[in-house]
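Undergrad: Pasting the sequence and the predicted coordinates here, then a few questions.
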Amino acid sequence: MSHLKLLKIPLTGFFLCLLFTSCFKDVDFSQASDIKLTPDLEADILVYQLNLNDFIDSQTGAYTPVIRDTVRLEFLDDDYVQEGLMYAAFRFRHKNSFSQPILSKIKFLSNSNQTQFSVNYEIPAGTKATPGIVDTLYVVEGADIVKVRRSIQMVLELEMIGGGKDIGGELDFLSKGLFKFEF
Amino acid sequence: MRKTILILLAFASLLCHSQNRPLLYNVDDLPQSLLQNPGARIDFTKHIGVPFFSQIHLFAGSTGVTAYDIFNDKNPNVNQRVARVMNSITSGDYFSVNEQLEVLSFGWKLGQRGYLSAGIYQELDVFAYFPKDPAILAFEGNADYIDDNFKFSDANFTGEVLTVYHVGYNYKVDRKLTLGARFKLYSGIFNASSTNNEGVFRTESTPNGPNFYRHYVEGLNVVVNTSGYASLKEEQGMTVDQAVTELLSRSFFGQNVGVGVDLGFNYKLTDQFSVNGSIQDFGLMFHQKDVENYHYFGSYETDGLEPLFPELDNDEKTIPYWDVFEEELDANLTEQTLNDPYNTWRPLKYNAGFEFGTGMSILPCDYLISRRPRFMNLFGMIFSGVNRPKGPTYGVTAYWDRKINNKLRFRLAYAIDEFSLTKIGLMISKRFNNFNIYMAANDIIGYTNLAKANSASLQFGMQFIFKNYSSRTKNINQAKR
């Protein structure tokens, strides 16, 4: 008992010292402001499958070698893109089984229809068994990323080179984007 | 030799765990032991706590990460460390904060065998599992996780603030058995919970599909229930201070109520050996007022937008593909805000233990039986747990409880739980006549540097405790002197 009595003061003192001197050591909480969210998002963008009917005027039945469409990509105007997008890699893949080559023009426009960047290429002719394939990667990074941030419309234009109503085949289009953010 | 054992115990065995308070469990001269086990043996005849100071309990812990893991000042690349933690932490890891403030506490001996105790305490309890999949999606994105599911069930949390009014009765059935029960009336101040969520988000590669990927949201069913939040939200321009003031004003007259019980026992198998057990907060909260529920549900999949190359006149606008996409999304993934009442279980706590006494001494104790042997050393073990949304959390504590004299007592404990394998705890209780002050801290090693600790808890309190022994006991003590 007496031994323990001797211990009571140091024990209590040790306990209280420990509690009142406890602290956070070896850490720097100011690093919290350096924490970044850096998600890399893969997302499909557009997809289509066209055949000869898409190149024929439904009213007149005339062959129209040039067709176009515009898709608004509203997500490009969202805050997280405007503030955090650092890198974009667009992948476009065309598979052509028409017997004619096709010229593809893909343009990204601002809200005021100013072209920010475009990707143009010719899709070689092919057959069902051996379609003409073009796989394109278009990377936008660094200072150029503002071109993506300014864009909100994606304009697609296809021009069949030569050919007429008697051609047959299909044109498949796949597209996706890899978007790297930093918040 | 005794010193050696003491030192070994001190360094080899000190910690305890979260909401359960093993350092106060079965401490027979502290009224707080009745809150842990209403059937605990006690050796006082009356107590009254110092209002707001009879028990202050604070606990915070995280199972998967410490502050040092993230903010280590020796490595400046904080993002690298965040990434490392994100990889190592699991959706079973959790963060927990618990606070209890005893507002009132009092009790007195009732009859020859009973002890009535009552009081009011305020409690805050927050428990959140680490939302691994949503966090990975936010921090890393889906690019490296093609074909993997991001599970919405990883979002799982509960949080509540409430005031508890309680009254308990401790009854000594005979020399061996003590039983106890406590009735609780809960007054809810604030509650938010989201458990049992379902659904996944997945980006699947589709080599034979129309596009590179197909994005799925499958079986989304996420519910967030709140009570006491909607009225705060409606207060325009309310500052944090004003919100806290508003919450505090509800402390005694909360809008939602609940009921619960604590049950416990202590049984002496022999004079030296006893077993004990208790459950706490077996109860329900009924949230009926100021309720707001947020429900997100549905399924959707997409391969991307599909332009149709329509034939347009010069000034004709094309199809609003994005608007159509958003309409489809809204139709298939629905968000609803409701005001449906809901019920929540209080987190049930349970304790089971045994205790072995050595060093017999005759001290004035056991108010019902004036000449009971008293053991100066108590060695015990407690198995304790708390029910949580994904299953119980457990801990095991071994302790040495030493009564140095009738006025000073300490308990040294070693615990293993989900926070730490080296948890050392210390409790000291001191009496100055009828005034008692106690302090208990778990994870003493962690207190040397809280940044490296997975958890820390502290209990502190002061009260008046009266031991009006029978005249027979007094005579015995006088005879001894």
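TA: Thanks, I have it. Residues are numbered from 1 along each chain as shown, chains lettered A, B, ... in the order given.
Undergrad: Okay, buried residues for stretch B:257-266 please.
TA: By neighbour count on 16 or more other C-beta atoms under 10 Å in any protein chain shown, the buried set for stretch B:257-266 is B:Val257, B:Gly258, B:Gly260, B:Val261, B:Asp262, B:Leu263, B:Gly264, B:Phe265, B:Asn266. C-beta here means a position set from N, CA and C on the backbone, and glycine is covered the same way.
Undergrad: Relative to B:Leu185, how far out is the first one?
TA: What it means is B:Val257. Distance of B:Val257 to B:Leu185, computed by C-beta to C-beta, to the nearest Å: 7 Å.
Undergrad: I'd like to know how many residues surround A:Ala32.
TA: By other C-beta atoms under 10 Å in any protein chain shown, 10 other residues sit near A:Ala32.
Undergrad: which residues does it contact?
TA: Counting by C-beta atoms under 8 Å, 6 or more residues apart in numbering or on different chains, A:Ala32 touches B:Phe71, B:Val78.
Undergrad: the strands in the stretch 251-400 of chain B, which residues?
TA: Assigned by DSSP state E, counting those that start in this stretch, the strands in the stretch 251-400 of chain B fall at B:256-268, B:273-287, B:291-302, B:333-338, B:342-345, B:349-361, B:374-386, B:393-403.
Undergrad: could you redo the ones you listed as JSON lines and give each row distance to B:Asp133 and mean pLDDT?
TA: Shown next, in JSON lines, are the strands of the stretch 251-400 of chain B (distance: least, C-beta to C-beta, whole Å; pLDDT from 0 to 100):
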{"stretch": "strand B:256-268", "distance to B:Asp133": "32", "mean pLDDT": "96"}
{"stretch": "strand B:273-287", "distance to B:Asp133": "28", "mean pLDDT": "96"}
{"stretch": "strand B:291-302", "distance to B:Asp133": "15", "mean pLDDT": "96"}
{"stretch": "strand B:333-338", "distance to B:Asp133": "17", "mean pLDDT": "95"}
{"stretch": "strand B:342-345", "distance to B:Asp133": "24", "mean pLDDT": "96"}
{"stretch": "strand B:349-361", "distance to B:Asp133": "29", "mean pLDDT": "89"}
{"stretch": "strand B:374-386", "distance to B:Asp133": "25", "mean pLDDT": "91"}
{"stretch": "strand B:393-403", "distance to B:Asp133": "21", "mean pLDDT": "92"}
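Undergrad: May I ask which helix or strand encompasses B:Thr245?
TA: For B:Thr245, the enclosing helix or strand under DSSP states H and E is helix B:240-249.
Undergrad: Beta-bridge partners for the residue lying closest to B:Asn149 once chain neighbours are set aside, please?
TA: If the residues on either side of it in the chain are set aside, B:Asn149 comes closest to B:Val200, at 4.0 Å by C-beta to C-beta, 6 or more residues apart in numbering or on different chains. In this entry, B:Val200 is beta-bridged to B:Lys151, B:Glu218, by DSSP bridges.
Undergrad: do you know how far B:Val200 is from chain A?
TA: From B:Val200 over to chain A the distance is 16 Å, taken as C-beta to the nearest C-beta, to the nearest Å.
Undergrad: what about that residue, neighbour count?
TA: The burial count for B:Val200: 17, using other C-beta under 10 Å.
Undergrad: and if you look at B:Leu269?
TA: 10.
Undergrad: so how far is B:Thr239 from the residue lying closest to it once chain neighbours are set aside?
TA: Nearest in space to B:Leu269, with sequence neighbours left out and distances taken as C-beta to C-beta, 6+ apart, is B:Val275 at 6.4 Å. Applying C-beta to C-beta, the value for B:Val275 to B:Thr239 is 52 Å.
Undergrad: now do B:Ser227
TA: B:Ser227 is 22 Å from B:Thr239, by C-beta to C-beta.
Undergrad: neighbour-wise, which of these two wins?
TA: Neighbours per residue (other C-beta under 10 Å) separate B:Ser227 from B:Thr239, with B:Ser227 holding more: 28 against 9.
Undergrad: Tell me how many other residues crowd the closest residue to that one other than its chain neighbours.
TA: Closest residue to B:Ser227 in three dimensions, ignoring its sequence neighbours and counting by C-beta to C-beta, 6+ apart: B:His287, at 3.9 Å. By the measure other C-beta under 10 Å, the count of residues near B:His287 is 25.
Undergrad: List the beta-bridge partners for B:His287.
TA: What pairs with B:His287, by the bridge criterion (DSSP bridges), is B:Tyr342.
Undergrad: residues contacting the closest residue to chain A within the stretch 1-150 of chain B?
TA: Proximity of the stretch 1-150 of chain B to chain A (C-beta to the nearest C-beta) peaks at B:Gly141, 3.2 Å away. By C-beta under 8 Å, 6+ apart, the contact set of B:Gly141 is A:Thr38, A:Pro39, A:Asp40, A:Leu41, A:Glu42, A:Lys180, A:Phe181.
Undergrad: Spell out which residues of the stretch 201-350 of chain B are next to chain A.
TA: B:203, B:210-215, B:302-311, B:318-322, B:326 (C-beta under 8 Å from any C-beta of the partner chain).
Undergrad: Buried members of those into PyMOL, please.
TA: Selection of buried members from those for PyMOL, criterion 16+ other C-beta under 10 Å:
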select buried, chain B and resi 203+210+211+212+213+214+215+302+303+304+305+306+307+309+318+319+321
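Undergrad: Surely the residue nearest to B:Asn149 and B:Lys151 touch.
TA: Yes: counting by C-beta atoms under 8 Å, B:Lys151 is a contact partner of B:Val200 at 5.5 Å.
Undergrad: on that earlier part again, now the residue of the stretch 1-150 of chain B closest to chain A: how far from B:Leu185?
TA: 49 Å.
Undergrad: For the helix or strand hosting A:Ser118, which helices and strands make contact with it?
TA: Using DSSP H and E, A:Ser118 maps to strand A:115-123. Packed against strand A:115-123 by the contact rule (3 or more C-beta pairs under 8 Å, 6 or more residues apart in numbering or on different chains; DSSP states H and E) you find strand A:85-96, strand A:102-109, strand A:132-141, helix A:145-150.
Undergrad: Would you mind giving the strands of the stretch 251-400 of chain B as JSON lines with distance to B:Val82 added?
TA: Output for the strands of the stretch 251-400 of chain B, formatted as JSON lines (distance: least, C-beta to C-beta, whole Å):
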{"stretch": "strand B:256-268", "distance to B:Val82": "38"}
{"stretch": "strand B:273-287", "distance to B:Val82": "36"}
{"stretch": "strand B:291-302", "distance to B:Val82": "27"}
{"stretch": "strand B:333-338", "distance to B:Val82": "30"}
{"stretch": "strand B:342-345", "distance to B:Val82": "32"}
{"stretch": "strand B:349-361", "distance to B:Val82": "33"}
{"stretch": "strand B:374-386", "distance to B:Val82": "29"}
{"stretch": "strand B:393-403", "distance to B:Val82": "25"}
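Undergrad: Those strands: which one's closest to B:Val27?
TA: The closest of the strands of the stretch 251-400 of chain B to B:Val27 is strand B:393-403. By C-beta to C-beta, the value is 7.1 Å.
Undergrad: Next, the angle strand B:374-386 makes with that closest one.
TA: On the basis of axes from the mean of the first three to the mean of the last three C-alpha atoms, to 10 degrees, strand B:393-403 is oriented at 170 degrees to strand B:374-386.
Undergrad: hmm, back to that, pick the most buried one from the strands of the stretch 251-400 of chain B.
TA: Here the criterion is mean neighbour count by mean count of other C-beta atoms under 10 Å in any protein chain shown, and of the strands of the stretch 251-400 of chain B the winner is strand B:393-403, at a mean of 22.
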